[in-house]
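Student: Sequence and predicted structure are below.
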Amino acid sequence: MQSVTVDGVDFAYGSGELILKDVTIDIRNPQLISIIGPNGVGKSTLIHCMNRILTPRKGTVMVDDVNVEEYKVKELAKKMGYVPYSANDTFPLTVVDTILMGRNPHRKWKSLHDDMQVVKEVLEMMDITPLAMRPFNELSAGQHQRVMLARGLAQEPEILLLDEPTANLDIRHQMDVIRLLKQLSVKRGIVVIMISHDLNIAAKYSDNIIMMSEGTIYAVGKPVDVITPESVKAVYGVDTDVVLSDGRPHMMIRDHGFSEEDAATPEGSTVSGVTTSGMNG
C-alpha cells in the first residue's frame, strides 16, 4: 500500500520566514491528487519536502511508513518519481537518451534491452515516438513537457509527483495528459500528486484536492467539498459561481470590476480572413 505522510512540517530557507507552517497530510492508496492554491503559498516546497529535495526545519515525511531520510537515494527514486515544472536541461541529448535517464534507479548490468523497451512504451504512451531521435534542447515548450513526463513514467515509480504537468500544453494535450495520469492511478496503482493552477481541470479529474493558503493546508477532500465559492474567495480573493457538471464542480469567475462599458467592442472593429474549408486545390 503506497502512502505519503507529512506530519507537522515547517520549512524555511535559511533563517527566513516559514514557507510551510505545521503542514500535516496523510495520503494513502492509489489516487490522483491535485495541490492547488495561489502563487507563493508553498505548493512546490511541499512536494520538494516529500521527495527529499528539501529538508524540513521541523516535522517528518514518511513514504510507505518509513522516514524519507532513511532511504538511500536510489531506493527512494524507485518508489517516488518527480517531474519538475520546466526542464532546464540545455545539453543536446536526444529525446530517447533524455527519457532513458529515468531508468537510472533500475539500471543493472546488461539491462539496456529491458530499459529500452520501457522507453519505447512511454514514447508511445505520450504520443512522442516521432520525436525519439530529436535533440531535446531543440523542442518546443509543450514537447519538452511531454518528454519530461515520459522520463518520469520511465522511472516506473509507485508515487509520482508533478509540478504543473499541463503547463505549456494546448487544451487537447492537457486533457490527454490528465486522462493518462488518472489511468495510471487506476490501472497501475500509482499515487499521483500534481500541482495545478487550473481549478477546473483539478476538479474534473482529481479524486481528492489539497488547497493551500499562506503555507498551511486550508482544505482537503473531494473536489465538490473543496472547490466552493467560499473557499475560492477566502484563498484566492476572487468571487465565483460554482456549478456542478457530472457531479463535479466547475468554476466561473465573477469580475465585478469589469463593466459592460469595459466589455464594449470599439466601433468599427472587425476581423477578416480566408477560409479554405471545402475548397479544392
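Tutor: Received it, and whenever you're ready, just let me know what you need.
Student: What's the local residue count around residue 67?
Tutor: 13 (other Cβ atoms under 10 Å). Quick note: C-beta positions are derived from backbone N, CA and C, even for glycine.
Student: ignore the last one, residue 15
Tutor: Neighbour count of residue 15, defined by other Cβ under 10 Å: 5.
Student: quick one: it is in a helix?
Tutor: No - checked against DSSP: H, G, I helix; E, B strand; the rest coil, residue 15 lies outside a helix; its state is coil.
Student: what about it, distance to residue 27?
Tutor: Distance, residue 15 to residue 27, by Cβ to Cβ, to the nearest Å: 30 Å.
Student: Likewise for residue 135?
Tutor: Distance check for residue 135 against residue 27: by Cβ to Cβ, it reads 37 Å.
Student: When the two are compared, which one has more neighbours?
Tutor: Applying other Cβ under 10 Å to residue 135 and residue 27 shows that residue 27 carries more neighbours, namely 18 against 14.
Student: Please report how far the more buried one lies from residue 169.
Tutor: Taking Cβ to Cβ as the measure, residue 27 falls 25 Å from residue 169.
Student: who are the neighbours in contact with residue 129?
Tutor: By Cβ atoms under 8 Å, 6 or more residues apart in numbering, the residues touching residue 129 are residue 123.
Student: low-confidence ranges in this protein?
Tutor: The chain contains residues with pLDDT under 70 at 86-91, 108-111, 260, 275-281.
Student: Show me the helices in it, by range?
Tutor: For the chain, helices defined by DSSP state H occupy the ranges 43-50, 73-79, 95-100, 112-125, 141-154, 171-187, 199-205, 223-226, 229-236, 260-263.
Student: between those helices, which one is nearest to residue 246?
Tutor: Closest to residue 246 of the helices of the chain, according to Cβ to Cβ: helix 199-205, at 8.2 Å.
Student: quick one: the closest one to chain centroid distance?
Tutor: Helix 199-205 sits 12 Å away from the centroid of its parent chain (Cα atoms, centre = their mean, to the nearest Å).
Student: Wait, residue 65 touches residue 5, no?
Tutor: Yes - in this structure, residue 65 is within contact of residue 5 by Cβ atoms under 8 Å, at 7.3 Å.
Student: More neighbours: which of those two?
Tutor: Per other Cβ under 10 Å, whichever of residue 65 and residue 5 has more neighbours is residue 5, with 18 against 9.
Student: Quickly note the distance from the more buried one to residue 207.
Tutor: In this view, residue 5 and residue 207 are 17 Å apart by Cβ to Cβ.
Student: Equivalent analysis for residue 165, please.
Tutor: Note on residue 165: its distance to residue 207, by Cβ to Cβ, is 16 Å.
Student: So for the two, which residue has more residues nearby?
Tutor: Each of residue 165 and residue 207 has its neighbours counted (other Cβ under 10 Å); residue 165 has more, 26 against 16.
Student: Hmm, the more buried one is touching residue 146, no?
Tutor: No - the criterion here is Cβ under 8 Å, and residue 165 misses it with residue 146 at 9.4 Å.
Student: so what sits against both of the two?
Tutor: Common neighbours of residue 165 and residue 146, counting by Cβ under 8 Å, 6+ apart, are residue 177.
Student: And stretch 16-34, end to end?
Tutor: End-to-end distance for stretch 16-34: 27 Å, by Cα to Cα, to the nearest Å.
Student: For that stretch, buried residues please.
Tutor: Along stretch 16-34, these residues count as buried under the neighbour rule (16 or more other Cβ atoms under 10 Å): 18-21, 23, 25, 27, 30-34.
Student: May I have the residues that are in contact with residue 32?
Tutor: Going by Cβ under 8 Å, 6+ apart, residue 32 touches 181-182, 185, 192, 194, 205-207.
Student: picking up where we left off before, tell me the two of the buried residues of stretch 16-34 that are most distant?
Tutor: 18 and 30 (31.7 Å).
Student: Quick check: residue 149 touching residue 83?
Tutor: Yes - counting by Cβ under 8 Å, residue 149 touches residue 83, with 5.7 Å between them.
Student: Would you mind telling me which of the two has the busier surroundings?
Tutor: Per other Cβ under 10 Å, whichever of residue 149 and residue 83 has more neighbours is residue 149, with 24 against 21.
Student: And that one, how far from residue 165?
Tutor: Distance check for residue 149 against residue 165: by Cβ to Cβ, it reads 6 Å.
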